[in-house]
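> Give the three-dimensional model of this entry:
(2 chains)
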Amino acid sequence: MSTRILVVEDSRTEAMRARLILERAGYQVLLAADGKDGLTKAVAEKPDVILLDALMPQMSGFEACGKLKIDPQTSHIPVILLVSNGEATDLPSGPGLECLLAKPYDPALLVTKVQTFATRGVASPENQDALTRARREIQNAQQARSDFLANMSHELRTPLHEIIGMTELVIATDLTAEQHQYINTARAASNALLSLINDVIEFSELEAGQLGLEERPFDLSEPIERALEIMRARAGDKGLELALTRGAQVPKQLIGDANRLRQVLANLVANAIKFTDAGKISIRVDAEPVNAHQVELHFRVSDTGIGIPQDRQELIFEPFQQSDSSATRRYGGLGVGLALAKQLVRLLGGRIWVASQPGEGSVFHFTVKMQMPAQVAPVIAPVAGKTWPRALRILVAEDSPTNQLIAKSSLSKAGHAITLAANGVQAVKQFQAAHENAQPFDLVLMDVAMPEMDGLDATRAIREKEKSLGGHLPIVAMTAFATKEYQSKCIEAGMDAYVTKPVRIEELNKTLEPLMMREPAATESPVNLRDALEVVGDDVDILRDAVASSLSEVPEQLQQLKEAMTKQDASGVEAKAHRLKGVMGNLGGSQACAVGQCLETMGEQRNLSGGGELVTRFESEIARVVAFYSSPTWEQSARALIGG
Amino acid sequence: MALKILCVDDDQPQLTIISSVLKKEGYVVDIALDGYQGLEKARTFQPDLIILDIMMPGLNGYQVCQKLQADPETAKIGVLMLTAKGGVDEKYRVASEFSGKVKDRMHGFDVGAVEFLTKPIKAKELVLRVKAVLWACGVGVEAEAASS
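The predicted structure is shown next:
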């Protein structure tokens, strides 16, 4: 009798992938769709090895594993727990897991692990050691991957930035038709390369759970048009027709992440064009209200292309799946596009699937949930047109002469007055000088990696000066480091927004619009209620108790922190800042928490220089959190978030 | 019989949150506001699990842990330690996990019975981790068996 493996996995694609791999290796595979089903089948079927997904609805893999180990009927069966990279840090010392395997796993590795446990059985001490080792390896690999991505994106984007920037400058000069055609081709190719790099980086960030969603009002035709605009040229080249139909119920104004939506659509349309030689691509969008606040959009992208066989229809959404095996090589070249689309759609609260007949074409469907604006007041005032009410005074801090040239010529063309600074020190000087001459800047574009003083330190210095000078100058980071982690570094340093290099004028304008229109006073809420609710398990009563208990002790703690700072008592500062930071963290006060962290680190490093001002800032951030919870409306907002 | 959990933390709001969340899960919860009180209650209350903040004035969490381990009456109790994200204690934790220091300090404990949780603690994670440590100590097993 062949060895039998039970795969407990809620994602059908993942389950099918595991089955495919294991069946090819000669195992008999049983599937269970959730933890409960898994337990029943484990008892009934007595498999030789159980493959258990860690993250499942209702009963998690950890929980299921615990139950398997308690039941004498199943306690002898080895369990391999599948974890995503992002979950690895949260691993408990499991109750009797034999092995951890990080998703996405290598097929050969899976087979080896299964083989080992199928023959050796369970829980010798050496397996436990292996588990500890595996856990550590996952953590290390995660860090290494994150570092690698940050560096890689920098290395790849910097030269690309220069290529695209220079190309755009050349296009704007007088060219013959022939030259124009050549340079356009070069630009299209560079842009294609850039979008591929972006796809890969974003896909990795999504997998690691590092990518967040934006929520801002947008006109639905904008992401659709932007996606189709790029694709029209490609479709035209192949003689394909590109048609768009909108259902009658589709709202025009929505709130959500237009950029992500555009990405998904662009990916699917690009895919359709690639596999269609003749005929047409039609895009259709319909909408169905979910409730008063939400609408579900349903997109269909139909092509008349080669189609996809039944057994591949789920697998094509897996990364690198298409180019994996020789039988499917002719579908190759997709890379991560569809996998990225799948992850993005999931992030947008929808799903993606395909209906297809080989030879007759395919229809890719996806749904996303978006908010409707009637219920939510727009945070950002709508802006008419693309031009600014007046020319802006912009300080560009950038050390590379090429980038200086690109920034200067393109921004000057838009009518703005540009001042250049080659490093952070110069930038701070220019800021000060402009202020003294009563001609302050309207905006700073700040490169992050600069010699002498980098953009982060320069930003901190400017924010420090603003405390006495007043005002809040919008500072936008420009950097080739595209990861979310890096982005949060910029924001922590006091920057307002972030554009990745290569900076393109349209993107820059988009980023600037809300900044330039925003009231100088910070409009973001000091409290992230969602975080606070997560801490108390969505229980408003517990949160109310925690708030009461926190607010009653904050004044005294703050007083003690100030005293410690006055006495230059570093360990006192460390302890008090640590405490207040913890309190703010539990209440979802992320900005206050970040400032508290800075103070704690100062205390820990026994270096309190500049600490007095930081305490003042901490105090004002805490005051904002206190004010937030002192207004009775927070409970309403909390209940609305929970949906109860 | 319901399982008993003792929470030791000098941070009153933090205690409020943890004990409310755990009570809701059906545990019997007692609290202690510092390490000395924690050690005393570990003997009198006889919890199945102790949740222990690391950074406390007076006795810190590691010291409390050593004393718990030295006393045969409390040596078998599972411990879940609270660290703060990016804080000194977390750096310490990471450094010591890799150098094996935690293992030395916790000599006598079943290493599987000691877990760490990073603040701010999410309710869902807290409950899962508590269950995992109880399982690892064998306490959850008896309770499950008794109830079924």
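> Please name the nearest non-neighbouring residue to A:Phe117.
Counting by Cβ to Cβ, 6 or more residues apart in numbering or on different chains, the nearest residue to A:Phe117 once its immediate chain neighbours are dropped is A:Pro78, at 3.8 Å. In this view, the C-beta of every residue, glycine as well, is placed from N, C-alpha and C.
> and what of B:Ser20?
A:Ile542 (4.2 Å).
> Run through the residues that contact the one you found.
A:Ile542 makes contacts with A:Val536, B:Thr16, B:Ile17, B:Ser20, B:Val21, B:Lys24, as judged by Cβ atoms under 8 Å, 6 or more residues apart in numbering or on different chains.
> tally of neighbours for A:Ser195?
16 (other Cβ atoms under 10 Å in any protein chain shown).
> and it, what pLDDT?
We have a pLDDT of 75 for A:Ser195.
> cool, and the one 4 residues further on?
Looking at A:Asp199, its pLDDT reads 73.
> Same question for B:Val141.
Reported pLDDT for B:Val141: 54.
> go on, A:Gln560?
For A:Gln560, the model assigns a pLDDT of 93.
> Tell me how many other residues surround the residue in the stretch 351-500 of chain A that chain B sits nearest to.
Taking Cβ to the nearest Cβ as the measure, the point where the stretch 351-500 of chain A comes nearest chain B is A:Glu492, at 11.4 Å. Counted with other Cβ under 10 Å, the neighbours of A:Glu492 add up to 16.
> quick one, what contacts it?
A:Ala594.
> Where does the stretch 101-250 of chain A get nearest to chain B, which residue?
Using Cβ to the nearest Cβ, the single residue of the stretch 101-250 of chain A nearest to chain B is A:Arg136, 7.7 Å away.
> neighbours around that residue, how many?
With other Cβ under 10 Å as criterion, A:Arg136 counts 13.
> Give the next helix or strand downstream of the helix or strand hosting it.
Using DSSP states H and E, A:Arg136 sits in helix A:125-171. Later in the chain than helix A:125-171, the nearest helix or strand by DSSP H and E is helix A:177-207.
> Pairing partners for the helix or strand that that following helix is followed by, with directions?
Downstream of helix A:177-207, the next assigned helix or strand under DSSP H and E is strand A:216-219. Strand pairing for strand A:216-219, determined by DSSP bridges: strand A:253-256 (antiparallel).
> I'd like the C-alpha coordinates of the partner strand written as CSV, please.
This file holds the C-alpha atoms of strand A:253-256, laid out as CSV (Å, rounded to 0.1, in the frame of the first residue of the first chain):
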residue,chain,number,x,y,z
GLN,A,253,-16.9,58.1,-7.3
LEU,A,254,-15.3,55.6,-4.9
ILE,A,255,-13.0,55.4,-2.0
GLY,A,256,-10.2,52.9,-1.9
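> Which positions in it come out as buried?
A:Leu254, A:Ile255, A:Gly256 (16 or more other Cβ atoms under 10 Å in any protein chain shown).
> Now the second one. Nearest residue, chain neighbours left out?
It refers to A:Ile255. A:Gln371 (4.1 Å).
> beta partners of that neighbour?
A:Ile255, A:Gln294.
> residues touching it, list them.
A:Glu215, A:Leu254, A:Ile255, A:Gly256, A:His293, A:Gln294, A:Val295.
> how does it look with 6 Å?
Listed by Cβ atoms under 6 Å, 6 or more residues apart in numbering or on different chains, the contact set of A:Gln371 reads A:Ile255, A:Gly256, A:His293, A:Gln294.
> lowest-confidence helix or strand of the chain?
Picking chain A for this. When each helix and strand of chain A is scored by mean pLDDT, DSSP states H and E, helix A:505-517 comes last, with a mean of 67.
> Please refer instead to chain B.
That would be, for chain B by mean pLDDT, DSSP H and E, helix B:101-105 at a mean of 38.
> Name all residues that make contact with the closest residue to chain B within chain A.
At 2.8 Å from chain B, A:Gly537 is the closest residue in chain A, using Cβ to the nearest Cβ. Shown in contact with A:Gly537 (Cβ under 6 Å, 6+ apart): B:Val21, B:Ala123.
> any idea whether it is helix, strand or coil?
coil (DSSP: H, G, I helix; E, B strand; the rest coil).
> go on, B:Tyr36?
B:Tyr36 ends up helix, using three-state DSSP.
> Look up how far B:Val64 lies from it.
According to Cβ to Cβ, to the nearest Å, B:Tyr36 and B:Val64 sit 9 Å apart.
> Of these two, give the one with the bigger neighbour count.
Applying other Cβ under 10 Å to B:Tyr36 and B:Val64 shows that B:Val64 carries more neighbours, namely 26 against 14.
> nearest residue to that one other than its sequence neighbours?
B:Gly35 (4.4 Å).
> How many residues are close by that neighbour?
B:Gly35: 23 neighbours (other Cβ under 10 Å).
> Settle this for me: it is touching B:Leu59, isn't it.
Yes: between B:Gly35 and B:Leu59 there is a contact under Cβ atoms under 6 Å: 2.8 Å.
> Was I right to think A:Arg624 contacts A:Ser525?
No: counting by Cβ under 6 Å, A:Ser525 is not a contact partner of A:Arg624; they are 8.7 Å apart.
> which SSE is residue 65 in?
Using chain A. Taking DSSP H and E as the definition, A:Cys65 sits inside helix A:61-70.
> meant chain B, my bad for not saying
helix B:61-70.
> Is the nearest residue to A:Ala188 once chain neighbours are set aside within a helix or a strand, and which one?
Counting by Cβ to Cβ, 6+ apart, A:Ala188 lies nearest to A:Ala233, which is 7.7 Å off, once chain neighbours are set aside. Assessed by DSSP H and E, A:Ala233 sits inside helix A:221-237.
> Mind listing what's buried along stretch A:47-64?
Quick answer for stretch A:47-64 (16+ other Cβ under 10 Å): A:47-56, A:59-64.
> Quickly name whichever of those is closest to A:Asn509.
A:Leu55 (39.9 Å; Cβ to Cβ).
> coming back round to it: what is the neighbour count of the residue nearest to A:Ala188?
Count around A:Ala233 with other Cβ under 10 Å applied: 10.
> try A:Phe299
Using other Cβ under 10 Å, A:Phe299 has 22 neighbouring residues.
> Let me know the angle separating the helix or strand hosting it from helix A:221-237.
Secondary-structure assignment from DSSP H and E places A:Phe299 in strand A:294-302. With axes from the mean of the first three to the mean of the last three Cα atoms, to 10 degrees defining the directions, strand A:294-302 sits at 0 degrees from helix A:221-237.
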